[in-house]
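[1] coordinates only, sequence not included:
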Ligand SMILES: [Zn+2]
C-alpha cells in the first residue's frame with residue numbers, strides 16, 4: 001500500500017476495567033441496545049467507545065500553506081498540516097489554533113471551515129479549518145521535524161501522512 005493512502009490504525013483505548021468500580025468489563029448486549037457493549041457486571045456501568053475528535057488547520061501564508069514533516073509516529077517522516085486531539089475545556093477551533101502554535105510556532109486566525117473528514121475504520125473525526133498566519137516564525141518542534149511552505153502546485157501528494165490529510169489538501173487546492 002503506497003505511503004499516505006492507508007488507514008490510520010485504530011488508536012482507541014479499549015478499557016479492560018470499569019472506571020466507576022474497577023471490576024473487569026464484559027462484552028454484553030444491554031437491553032434496548034443494538035450492539036454489544038463493554039458492560040460492568042458489578043455496577044452496570046457501560047463503557048461506550050466513540051470516535052475521537054481531532055482539530056486541524058491549513059495555515060495560509062501569502063503564496064502558500066505551511067506543512068510539517070511529522071517527527072513522531074504514526075506516519076513519522078510524512079507531511080501534514082498541524083492537527084491534534086481536542087482537549088476537554090476548549091472548542092474545536094481553539095484546539096486547531098493551539099496545535100498550530102505548538103507544532104509549528106505560528107499564530108493563526110481561523111477564516112472558515114475546510115471540511116470534516118470522517119472514516120468509519122479509523123474511529124477518528126478530523127475537523128479542518130482554513131486559516132491565515134498572523135504572527136510568529138515557522139519553527140520545528142517535537143512533533144514537526146521540518147516545516148515548509150507549499151503552493152497548491154507542489155504539495156507532496158506521495159508523502160502525505162493520512163487519508164484525512166490527502167482529502168483535506170485536495171479540498172484546499174480545489175478551492176484556492
Ligand atoms: Zn463497575
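    Cool, the structure landed. Worth saying up front: this structure is predicted, and the values here are computed from it rather than measured.

[2] Identify the residues contacting whatever helix or strand residue 97 lives in?
    For residue 97, the enclosing helix or strand under DSSP states H and E is helix 92-104. For helix 92-104, contacts defined as CB atoms under 8 Å, 6 or more residues apart in numbering pick out 53, 55-57, 59, 66, 68, 82-87, 90, 106-108, 110, 127-129, 131, 136, 138-141, 143-144, 147. Placement of C-beta: from N, CA and C, glycine included.

[3] Burial check on residue 175, number of neighbours?
    Per other CB atoms under 10 Å, the neighbour tally for residue 175 reads 11.

[4] Could you report the separation of it from residue 68?
    21 Å (CB to CB, to the nearest Å).

[5] Tell me where the model's unsure across this protein.
    Applying pLDDT under 70 to the chain flags residues 1-12.

[6] The ion contacts on that one?
    Residues of the chain lying near the ion by CB under 5 Å from the ion: 18, 20, 21, 23, 40, 42, 43, 45.

[7] if we go to 8 Å?
    Counting by CB under 8 Å from the ion, the chain comes close to the ion at 18-23, 25, 40-45.

[8] Provide the strand pairings for the helix or strand residue 38 falls within, with the direction of each partner.
    Using DSSP H and E, residue 38 sits within strand 37-39. Using DSSP bridges, strand 37-39 pairs in its sheet with strand 26-28 (antiparallel), strand 46-47 (antiparallel).

[9] ok, and which of these has the densest surroundings?
    Of all the strands paired with strand 37-39, strand 46-47 carries the top mean neighbour count, a mean of 14, counting by mean count of other CB atoms under 10 Å.

[10] what angle sits between the helix or strand following it and helix 92-104?
    Downstream of strand 46-47, the first helix or strand assigned by DSSP H and E is strand 52-61. Orientation check (axes from the mean of the first three to the mean of the last three CA atoms, to 10 degrees): strand 52-61 against helix 92-104 gives 60 degrees.

[11] List the buried residues for strand 52-61?
    52, 54, 55, 56, 57, 58, 59, 60 (16 or more other CB atoms under 10 Å).

[12] the strands in the protein, which residues?
    In the chain, the strands defined using DSSP state E lie at 26-28, 37-39, 46-47, 52-61, 64-70, 79-80, 83-85, 106-119, 124-136, 144-150.

[13] will you turn these into CSV that also has distance to residue 171?
    As requested, these are exported to CSV (distance: least, CB to CB, whole Å):
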stretch, distance to residue 171
strand 26-28, 38
strand 37-39, 35
strand 46-47, 35
strand 52-61, 9
strand 64-70, 12
strand 79-80, 14
strand 83-85, 14
strand 106-119, 5
strand 124-136, 8
strand 144-150, 15
